[in-house]
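**Student:** Here is my input, please return the structure:
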Amino acid sequence: MAAPDSIKAFSPEETQRILHHLQQPAVFMNMTCGWPVLHWTAEHLSGCLGDKLIRFRLGRKEEINTPLFETQCSYVEAKLVHFLSWTRDHPGADVGPFFEYPKSEYWAYADYKYIAILFQDQPSMFEDVKWSEFGFEGRNGRESTLWIGTEGANTPCHLDSYGCNLVLQVQGRKRWHLFPPEDTGRLYPTRIPYEESSVFSQVDVLHPDLRRFPAFQGAKAHVVTLQPGQVLYVPRHWWHYVESVDPITVSVNSWIELETDDMARVSEAVTKAVVCALKSAPSDDNADDWLNPTEEGVASHSENMQYVSLAVSASAQRQRGSKLTRGPGDTCPVKRDSRGQIRKNSNLVGDSVPFSVPFGPHLIPVRCQQENTAEIRQVTAEDLEVSSDGAPRAKLSSAVRLHQDCGDGTPENSPENYEAPIHKTITTNDLLDCLVHPDIIAHVTKLLLERHTGSHRTTVPS
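**Tutor:** Prediction:
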């Protein structure tokens, strides 16, 4: 008989059905026992990688009340052994290129490292990650990324344009601040710096400047501290800011496109064409470092327009195919898998059968901070290290209060502190923030698809 701690909380089939119905972030407990990847500490990985150089992003620790985007960071190529020596801060230790960056002033992050590339000469390590136990047959470390950071290492608040994320915490703890898609307007989205698959927030969510971003006061933060062995599910289009809270953290992330989203592909193609066209135009206010380091380069306008055309054609074709596969009384969209194949009806995702997500000791919802019932406090305090006295909530709300109040304690929004708006010149980035706002791009995408399918008609005055 199997030992109790080796029994999985959910079967692969059960997990797939849960993921299909989950509409909010949640943490899976007791799902990764026995996974070899849990031995992937930074020390273990250093031995596996040897002299291989890894690119680290370094950022200053000071609070500046604005997001520290990747275009504003420093970068070094170093061995993992140098990184470990630097974190231990031993005098005289060989820290390689980290010697220029005092540990007291900087954090370091080896983020978004493709495991398939890191261990291309050790493919057996791919099998250490077993996403197949979450119902994704054949998925392992080959389709995952590795993240290694120090305390304070973070990613700016952003949303991913495609798919959802499964995140396994291996070493140390990371704190996730998540915001639902309906908070997009309150997070002041921007595409500068530009990254095809991400939309960034202009708000420093831990230390918001509410004079510039007053609507952020209405944002609904969901906060959880992820611990080793736990897996966080982040639904599509949920905003997230992630920070390491222990001296060294290691996590493994797998991005998964549960259903092919052609509309998202069209939206991203349109955004890319607009951003590249405007930012490639020489002007006095257009010399900023606007392309995120994760992007390979700037495509020509001709290439971008070809990408738009292909995306629109593919989306229109799939929409026509979906209509053809529906029954006479079927008004629901056809479900497709990650390969774009039409899903057959099965007991995994039967939408016709009522299903209740089995929240409990093995699946913990990441609650909104405003929700603070005794039951929630008990679960999060025990399993997710969100303390019962509201420590994470206090961290965020105290920061909000700090920037709501002026030096004399008078709220910023009071009439005494009202200042008439100051006229300023509209910059290229100001224009871009408006043109590629998610709401505008969604409308443009709809118009393009209507034009392509012939459903768009222009009324000619008589």
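**Student:** Show me the contact partners of the helix ranked longest in the chain.
**Tutor:** Counting by DSSP state H, the longest helix found in the chain is helix 301-324. For helix 301-324, contacts defined as Cβ atoms under 8 Å, 6 or more residues apart in numbering pick out 260, 262-263, 265-266, 268-270, 272-273, 276-277, 280, 299, 333-334, 340, 448-449, 452-453. Every C-beta, even on glycine, is put in place using the N, C-alpha and C of the backbone.
**Student:** what about the stretch 351-462 of the chain, any weak spots by pLDDT?
**Tutor:** For the stretch 351-462 of the chain, applying pLDDT under 70 flags the ranges 351-353, 371-423, 456-462.
**Student:** Now with 90, please.
**Tutor:** 351-354, 369-425, 452-462 (pLDDT under 90).
**Student:** This structure - how does it break down into domains?
**Tutor:** Domain assignment for the chain, taken from automatic domain parsing, gives 4-256, 262-325+424-453.
**Student:** end-to-end on the last one?
**Tutor:** The first residue of domain 262-325+424-453 is 15 Å away from its last residue (Cα to Cα, to the nearest Å).
**Student:** mind checking how far that domain is from the chain centre?
**Tutor:** Averaging C-alpha positions (Cα atoms, centre = their mean, to the nearest Å) puts domain 262-325+424-453 20 Å from its chain's average.
**Student:** Helices of this structure, start to end?
**Tutor:** Going by DSSP H, the chain shows helices at 12-21, 42-49, 80-88, 115-118, 262-279, 301-324, 374-379, 391-404, 428-435, 438-453.
**Student:** Looking at these, which is nearest to N292?
**Tutor:** In terms of Cβ to Cβ, the element of the helices of the chain nearest to N292 is helix 262-279, at 11.1 Å.
**Student:** what comes up buried for that closest one?
**Tutor:** Buried residues in helix 262-279, counting neighbours by 16 or more other Cβ atoms under 10 Å, are found at 262-276, 278-279.
**Student:** tell me the mean pLDDT for that helix?
**Tutor:** Mean pLDDT, helix 262-279: 93.
**Student:** swap in stretch 133-148?
**Tutor:** Computed over stretch 133-148, the average pLDDT equals 96.
**Student:** for stretch 241-258, same thing?
**Tutor:** On average, stretch 241-258 scores 93.
**Student:** How far off centre is that stretch?
**Tutor:** Worked out by Cα atoms, centre = their mean, stretch 241-258 lies 9 Å from the chain centre.
**Student:** what's the answer for stretch 12-31, then?
**Tutor:** Using Cα atoms, centre = their mean, the offset of stretch 12-31 from its chain centre is 18 Å.
**Student:** pLDDT averaged over it, what's the number?
**Tutor:** On average, stretch 12-31 scores 96.
**Student:** Give me the buried stretch members for it, please.
**Tutor:** 12, 15-20, 22, 24-31.
**Student:** hmm, which two among those residues are most spread apart?
**Tutor:** Maximum pairwise distance among the buried residues of stretch 12-31 (Cβ to Cβ): 21.7 Å, between P12 and Q24.
**Student:** and L431, what does it touch?
**Tutor:** L278.
**Student:** how many other residues sit next to the nearest residue to R191 once chain neighbours are set aside?
**Tutor:** Distances taken as Cβ to Cβ, 6 or more residues apart in numbering place V436 nearest to R191, at 4.8 Å, with adjacent residues excluded. Here the number of neighbours of V436 (other Cβ atoms under 10 Å) works out to 24.
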